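K.L.:
Below is the sequence, then the predicted model.
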Amino acid sequence: MPIKVPAELPALDGLSAENIFAMDTQRAQAQNIRALNVGILNLMPNKIETELQILRLLSNTPLQINIDLIRIDETAPKNTPASHMNSFYHSFSQVRDKKYDGLIITGAPLGNIEYEDVKYWDKMTELMDWSRRHVQSTIFLCWAAHAAMYHYYGVQRELRDAKLSGVFEHKVLDEHDELMRGFDPYFWAPHSRVAEIPVSSYEAVKGLRVLAKSDEAGVYIAASDDKRLVYVTGHPEYDPNTLDQEYRRDTKAGIAPSIPANYYKHDDPSEPVMMRWKSHGNLFFTNWLNYYVYQTTPYDLNELSS
């Protein structure tokens, strides 16, 4: 699929090395088609790594996509060079007048902080309200999913006794929903979070459907009836080694984390990682782009309504 990204973006080299087709801006401008416009609000500390993870999953479709990388504020991230942010990211103020076919809001390491104490919470709520008027369909990942449930419906999360980390089996609850099309009845997906929202809290929200859940990890995917809000409490975008990196980072920091469940062979960190969520991750994003975005978005984005 032709993802349109700046020619100098580091992720472009990574995609090319994996034989994933992405085109630069100059080539895309020569094509006379209506490309989809997708924004990525990247809240993760290591932005370059997250860019590659998400762009990889947006690559499995014949649709052309224009990508805007968005930052929530001007704070310099600790794990990403300022030159990278200045070269490739738009501030929210720069894109607030645009309209998007799709928007992806990543997770953030903020699970232990009260929402109102997050330094950019006011901007986050402004952006979430803006997305209802300016975006056809938005995916909220992990922390962003909990934040959106709180902001839109007043649903509060609950802190867990221990961090949920690992790869868990999930059951498809609505096989006829287009977002779940092609999924096996049971599939695996990674989680890494310290909070959860009970299944009953999702089910109590009018116009919201739980599409997949796990006995151990709870709700995994929920979506609004109008397909414009998608909540994913895990990380389908994770690379094979992401949970391993988190585990070894926390171990080095003296946190004494639990070994990620169902992740290493024989649950032994000295053994290889069992990668078994890649196909589900690709299918989820392909279905979202096709059925929740492309099939529903107006040709003229100015026709988007709240």
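P.N.:
Structure's in. What do you need?
K.L.:
could I have stretch 86-94 exported to PDB, CA atoms only?
P.N.:
Extracted as PDB, the C-alpha positions of stretch 86-94 are listed here (Å, rounded to 0.1, in the frame of the first residue of the first chain):
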ATOM      1  CA  ASN A  86      10.700  19.900  14.400                       C
ATOM      2  CA  SER A  87      11.100  18.200  11.000                       C
ATOM      3  CA  PHE A  88       8.200  15.800  11.000                       C
ATOM      4  CA  TYR A  89       5.500  16.700  13.600                       C
ATOM      5  CA  HIS A  90       2.700  19.200  13.400                       C
ATOM      6  CA  SER A  91       1.400  20.800  16.600                       C
ATOM      7  CA  PHE A  92      -2.300  20.500  17.200                       C
ATOM      8  CA  SER A  93      -2.700  24.300  16.600                       C
ATOM      9  CA  GLN A  94      -1.300  23.700  13.100                       C
END
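K.L.:
Buried residues of that stretch, list them for me.
P.N.:
Buried residues in stretch 86-94, counting neighbours by 16 or more other Cβ atoms under 10 Å, are found at 88-89, 92. (C-beta placed from N, C-alpha, C; glycine too.)
K.L.:
So which of the residues you listed are in helices?
P.N.:
Secondary structure from DSSP state H places 88, 92 of the buried residues of stretch 86-94 in helices.
K.L.:
now the buried residues of stretch 86-94 in JSON lines, with pLDDT?
P.N.:
JSON lines is the format used below for the buried residues of stretch 86-94 (pLDDT from 0 to 100):
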{"residue": "Phe88", "pLDDT": "94"}
{"residue": "Tyr89", "pLDDT": "95"}
{"residue": "Phe92", "pLDDT": "94"}
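K.L.:
CSV for the buried residues of stretch 86-94, including distance to Ser192?
P.N.:
Below are the buried residues of stretch 86-94 laid out as CSV (distance: Cβ to Cβ, whole Å):
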residue, distance to Ser192
Phe88, 25
Tyr89, 24
Phe92, 26
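K.L.:
which one of the buried residues of stretch 86-94 sits closest to Ala256?
P.N.:
Within these, the smallest distance to Ala256 is 35.5 Å, found for Tyr89 (Cβ to Cβ).
K.L.:
list the contacts for the closest one?
P.N.:
42, 47, 69-71 (Cβ atoms under 8 Å, 6 or more residues apart in numbering).
K.L.:
which ones among these are found in strands?
P.N.:
Mapping the contacts of Tyr89 onto strands (DSSP state E) picks out 69-71.
K.L.:
now the helices: where do they sit in this structure?
P.N.:
10-17, 25-28, 47-57, 82-88, 92-95, 121-134, 143-153, 199-203, 242-252, 278-287.
K.L.:
about what we covered before: closest to Tyr299 among the buried residues of stretch 86-94?
P.N.:
Nearest member of the buried residues of stretch 86-94 to Tyr299, counting by Cβ to Cβ, is Phe92, at 25.6 Å.
K.L.:
Model confidence at Tyr263, what's the number?
P.N.:
On pLDDT, Tyr263 comes in at 98.
K.L.:
Run a quick neighbour tally on Asn60.
P.N.:
Neighbours of Asn60 under the rule other Cβ atoms under 10 Å: 14.
K.L.:
cool, and Leu52?
P.N.:
Leu52, neighbours per other Cβ under 10 Å, totals 21.
K.L.:
One more: the one 10 residues further on?
P.N.:
As a burial measure, Pro62 scores 7 neighbours (other Cβ under 10 Å).
K.L.:
need the helices of the chain in a markdown table with distance to Lys163, can you?
P.N.:
Listed next are these as a markdown table, based on distance: least, Cβ to Cβ, whole Å:
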| stretch | distance to Lys163 |
| --- | --- |
| helix 10-17 | 28 |
| helix 25-28 | 41 |
| helix 47-57 | 20 |
| helix 82-88 | 29 |
| helix 92-95 | 30 |
| helix 121-134 | 22 |
| helix 143-153 | 13 |
| helix 199-203 | 20 |
| helix 242-252 | 9 |
| helix 278-287 | 21 |
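K.L.:
Mind telling me which of those the model trusts least?
P.N.:
Of all the helices of the chain, helix 25-28 carries the lowest average pLDDT, namely a mean of 50.
K.L.:
Domain parsing of the chain, as residue ranges.
P.N.:
3-240+281-303, 241-274 (automatic domain parsing).
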